[in-house]
Every structure is written in structure tokens, then in C-alpha cells.
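A.B. asks: A predicted structure for the sequence below; I have some questions about it.
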Amino acid sequence: MFEYRLYPSIVEKERIINSLKVCKIVYNDLLDTTIKTYADSGTTLRKFDYNKLIKGKYDIHSQVAQNVSDRVHKAFSNFFRRIKDKSCKQKGFPRFKSRVQSITYPQSGFKFISSNRLYVSKIGNIPIVLHRVPKGKIKTLTIKQNHIGQWFAIFSCEVDIPVVEHANHEMIGIDVGIENFATLSNGEVIVNPRFLVKSEERLKRLHRRLSRTVKGSSNRCKAKFRLAKLSLKVANQRRDFIHKTAKTLTSRFSIIKRENLTIKNMVRNHCLAKSISDASWNSLFQCLSYKAVTCGGRVETVSARNTSKQCSGCGTIIAMPLSKRKFLCPKCNLSIHRDLNASINIRNKNTVGLTEI
């Protein structure tokens, strides 16, 4: 995926916003029709039926309308899949949308006019900043807006990844944490930047200012914009740090072993939820997965069972509460930091599975 900044004019912004509103109407109409059809006849509509219902009915590009019908079809497909899955507790019936945040052109309706102009059907020639040329064959275009009003064009491209051989043949184990962002089995430590904690006081202050404003006033809009701008800055800082860290690790090591963590369950601990979310381990794992492929390496997943409790020297298992930061083995007298001990165990463990693209 390639993301670029758009600078639409006032007229073009109105057209994009109008397309988003029409997409919301299309989605809700198809959802309502599906519910009524099932209540009357007990049958569900197919994607072909959706496309027949919306053909020539709405004032948006036909490809955009078909993409909305595809979203409705996928929403019901995922709902029926969750019903069949007995382990899934929340079934999540598709709900009506109050707004649609993006429009997608799946096949056609867009093209580059010049190096700084993008033609989009029903919208116009939008100025675009092509800071890099998209690689491969462009499949879809998605236009969306972030919380502070910036517009972006996102291209999904089909890229042929060449088979390359990694320059090094070194294996490393990585243990993620809160005290340190990551600890490598060779003893290196990546410091946790804690971007959210550093901006927390200012975020609280902006939240208080927002809560004191009158709803619907211009001051409330300004306060809301300042808060969203700072939140976006924290998210961008975190994303930039994770991408740079993942690139460094995948360039240095051909095989990276990491724990198979269930982060969704870990954040249920209200004492650690904020710190775990700020560290964003899942984003790191995703970046490592696809960056390792482009570098000629691979990421392997190992079981997280007893990685912190087992001695990396003799294999003795002892109790290790989170408050205990130093691992001291009573059998072989190994004294080591618990994160370093865990990373060594991760490197020496058998692989559960390889990450795939």
C-alpha cells in the first residue's frame, strides 16, 4: 500500500464529502433491504443481487457503489462465520452506519494526469504529493480523511517481491516488554520511548479545555482540533519508531524469533493496559513480518509458555512475578535480567509457526 497526501479544493472537498454521504445511504439501504428480505422470505441476498439493486440509482461512480455493496456482503459473511464459530462469544450483527469514512475505487475511475495531479471520477483533478512512485500494478484507490481534516489517497498495488538472500545468517530472539521496549538475546536493549506517557499531561489539559466548552460553539471545534492534532502526533511518533526499529532488526538478522502473545487478553489487566497499548507490540510484529520477507529473512513464532520462568542455563522453572526483575536460578546460580533470560529462551525454543504474508 502506498499513501499520499491530497490537497483538494473547496469544491472537490464538497464532492468527496457528498460521495461519503451517498455511500452511507447505499450501505444502510442495502442493509435494510437484506433484513426485510430475510424476514419476509427467509432468504439472504447475494452480491449479484446487491449490484442489481444499486445499478444507476445513486449519484456516485458505479465502482464506488459496488464497493459499498461488497462491504455489506462481507459484513454478513463475517456475521454468519461468527455464528458457526462456537468459540466466538460476540456475534456482532451488521449495524446501520452513522457515517462512512472512506470511498474506494476498485478497478477504474482514477488516473494520474501529471506528477502532481490525480483525476478522480465525479470529483475532479486533485493535487497530490507523490513523494515516491507507486510500485507494481495499481489495483484500488481509497480516499479518506483523518481526524484533523487531512485528506489521503491510498493505493493498493500488486507487487512482485523478488527472492533475495539475507546478507547475514544470524538468529536472534526478541522479548517485548514495558520496562524496555524489546530485549534481544545478544544482550542489546531497545529503550521504550513511551510517547503516550510523555504527552499525557498535555492531553489531559486539552481534554479539560474541551469539556469546558459549549457544545456547538466555535471554541469547542478549536479545542477538538487541538486534541485530535496532538493525538495524531503521538500515533505518528509511535508508527515512525516501530517502522525504523523493525527495519533495523530485519536488516541485521536473518531469523527473528518472537513470542506468540495474546495481546487482546493481556490488555484486560487495567494496571498494564495503557502501557501495553502505548508499546504497540502487535504493530511491531506485523512490521517485522513483511519487512523480513523483503530482506530475505523470516520471523518465527514460538510458544510464550514459561519463557520468563525457565532458566536459560539449566532449564529450571521458578516463580517469577512481574515485580521480580532479576532472574536468580537456585540450581546453577545464574543471575540475569528477566527480559534477557526470556529472550534467550525464545531463541532456543522450537518454532510454533512461520509468519506469512
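C.D. replies: Nice, thanks for sending it over.
A.B. asks: pretty sure residue 143 contacts residue 109?
C.D. replies: No - counting by Cβ atoms under 8 Å, residue 143 does not reach residue 109; the two are 10.9 Å apart. Every C-beta, even on glycine, is put in place using the N, C-alpha and C of the backbone.
A.B. asks: okay, and the common contacts of those two?
C.D. replies: Any residue near both residue 143 and residue 109 by Cβ atoms under 8 Å, 6 or more residues apart in numbering counts here, and that gives residue 120.
A.B. asks: Comparing these two, which shows the higher neighbour count?
C.D. replies: Counted by other Cβ atoms under 10 Å, residue 143 and residue 109 do not tie: residue 143 has more neighbours, with 23 against 19.
A.B. asks: and the helix or strand where that one lies, average pLDDT?
C.D. replies: Remark: residue 143 resides in strand 137-145, with elements defined by DSSP states H and E. Strand 137-145 comes out with an average pLDDT of 92.
A.B. asks: Describe which strands it pairs with in its sheet and in which direction.
C.D. replies: Strands flanking strand 137-145 in the sheet, each with its direction: strand 102-105 (antiparallel), strand 151-158 (antiparallel) (DSSP bridges).
A.B. asks: among these, which is nearest residue 115?
C.D. replies: Residue 115 lies closest, by Cβ to Cβ, to one member of the strands paired with strand 137-145: strand 151-158, at 13.9 Å.
A.B. asks: Looking at this protein, which helix is longest?
C.D. replies: Using DSSP state H to assign secondary structure, the helix with the most residues in the chain is helix 218-252.
A.B. asks: What are the buried residues along that one?
C.D. replies: Of the residues in helix 218-252, those buried under the neighbour-count criterion (16 or more other Cβ atoms under 10 Å) are 220, 223-224, 226-228, 230-231, 234, 238, 241-242, 245-246, 249-252.
A.B. asks: and if you look at stretch 302-309?
C.D. replies: Going by neighbour count (16+ other Cβ under 10 Å), the buried part of stretch 302-309 is 302, 304, 307-309.
A.B. asks: Looking at the residues you listed, which is nearest residue 343?
C.D. replies: Of all these, the one with the least separation from residue 343 (Cβ to Cβ) is residue 307, at 8.3 Å.
A.B. asks: can I get the buried residues of stretch 302-309 in TSV with pLDDT, distance to residue 54 and secondary structure?
C.D. replies: Listed next are those as TSV, based on pLDDT from 0 to 100; distance: Cβ to Cβ, whole Å; DSSP: H, G, I helix; E, B strand; the rest coil:
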residue	pLDDT	distance to residue 54	secondary structure
302	90	48	strand
304	86	47	coil
307	86	52	coil
308	86	54	coil
309	86	57	coil
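A.B. asks: remind me which residues of this protein are low pLDDT?
C.D. replies: Under the criterion of pLDDT under 70, the regions of the chain flagged as low confidence span 351-357.
A.B. asks: can you map out the strands along the stretch 201-350 of the chain?
C.D. replies: Counting by DSSP state E, counting those that start in this stretch, the stretch 201-350 of the chain has strands at residues 255-259, 298-302, 326-328, 335-337.
A.B. asks: among the ones you listed, which is nearest residue 122?
C.D. replies: When these are compared for distance to residue 122 using Cβ to Cβ, the nearest one is strand 298-302, at 42.2 Å.
A.B. asks: now for the closest one, which elements pack on it?
C.D. replies: In terms of contacts (3 or more Cβ pairs under 8 Å, 6 or more residues apart in numbering; DSSP states H and E), strand 298-302 is packed against strand 255-259, helix 281-295, strand 353-354.
A.B. asks: Would you give the sheet partners of that strand, along with the direction of each?
C.D. replies: In the sheet containing strand 298-302, the strands it pairs with under DSSP bridges are strand 255-259 (parallel), strand 353-354 (antiparallel).
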